[in-house]
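Novice: A predicted structure for the sequence below; I have some questions about it.
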Amino acid sequence: MKWRGVSETDPDPMKATLREELDERRLNMRRFVPKATQAVNDRAVEEFRQTGLGQRALKVGDHAPEFTLPDVRGNLVSSRDLLAQGPLILTFIRGRWCPFCCATVEAWQGYLPQVKAKGASLVAISPMLSKQADFMRDQHKVMFPILSDANNKVAAQFGAACQVPDYQRELFMTVFINLPFINGDESWSLPFPATFAIAADGKIRYSFADPDYTLRAEPAEVLQSLV
């Protein structure tokens, strides 16, 4: 069974679309994850929705903030430099411990030739320490940068950051999701799923943001926004 992005037997092929892959993982979650665990995560998602969290993210037509973040080798990557080469796709992920994030980076890896054909760059942004991001990049054979966003400062600029509620922190620790260790800070903040396509002029052409951690932007739809 594939759960956290790693199969205990031979790896299963990815589905035709990311949405189909996420649907399968969501089904497995509902079948195999304890109901009490699901209830905690569902409560957090519902509370995020009620506060309008997803509506705070930057929209199409907004100007994307500039950023400079380290990659897995500690090299600084600048959005200004990337946009000087063409459009830029950003996808915010929570971490390598999240099966839905694992599916997302795997799907985008499959679309990397199409990204390059558009003359675009692709980066994932996560609060993970560079060492943790490197583990994810190696484990899932990702050939695009995973950048480390300490304290989710860039995610906050894009309106895609949230605080993990106290009751969910307790759950995370019981299932060995130690965010202070993984992210290297005590903020207990995470990005929620968000993807942006940014034109060379810095304007956002595509925006997806949803506090439901099981939902992600479909790569093919993101690419359609780049003309």
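Specialist: Perfect, thanks for sending it.

Novice: Name the nearest residue to residue 124, sequence neighbours excluded.
Specialist: Leaving aside its sequence neighbours, residue 124 sits nearest to residue 146 (C-beta to C-beta, 6 or more residues apart in numbering; 4.6 Å). Just so you know, the C-beta spots here come from the backbone N, C-alpha and C atoms, and that holds for glycine as well.

Novice: how close does that neighbour sit to residue 72?
Specialist: 6 Å (C-beta to C-beta, to the nearest Å).

Novice: Neighbour count for those two, which is higher?
Specialist: residue 146 (25 against 21; other C-beta atoms under 10 Å).

Novice: how deep is residue 75 tucked in, by neighbour count?
Specialist: Per other C-beta under 10 Å, the neighbour tally for residue 75 reads 11.

Novice: quick one: the strands in this structure?
Specialist: For the chain, the strands defined by DSSP state E occupy 68-70, 76-78, 88-92, 121-126, 146-148, 161-163, 189-191, 194-198, 204-209.

Novice: counting contacts, what elements does the last one pack onto?
Specialist: Spelled out, that is strand 204-209. Judged by 3 or more C-beta pairs under 8 Å, 6 or more residues apart in numbering; DSSP states H and E, strand 204-209 is in contact with strand 194-198, helix 219-224.

Novice: how many other residues sit next to residue 60?
Specialist: Residue 60: 12 surrounding residues under other C-beta under 10 Å.

Novice: Hmm, residue 144 and residue 122 touching each other?
Specialist: Yes: checked against C-beta atoms under 8 Å, the pair residue 122 and residue 144 is within contact range at 4.6 Å.

Novice: Neighbour count: these two, which is higher?
Specialist: Legend: neighbour count by other C-beta under 10 Å for residue 122 and residue 144, higher for residue 122 (26 against 20).
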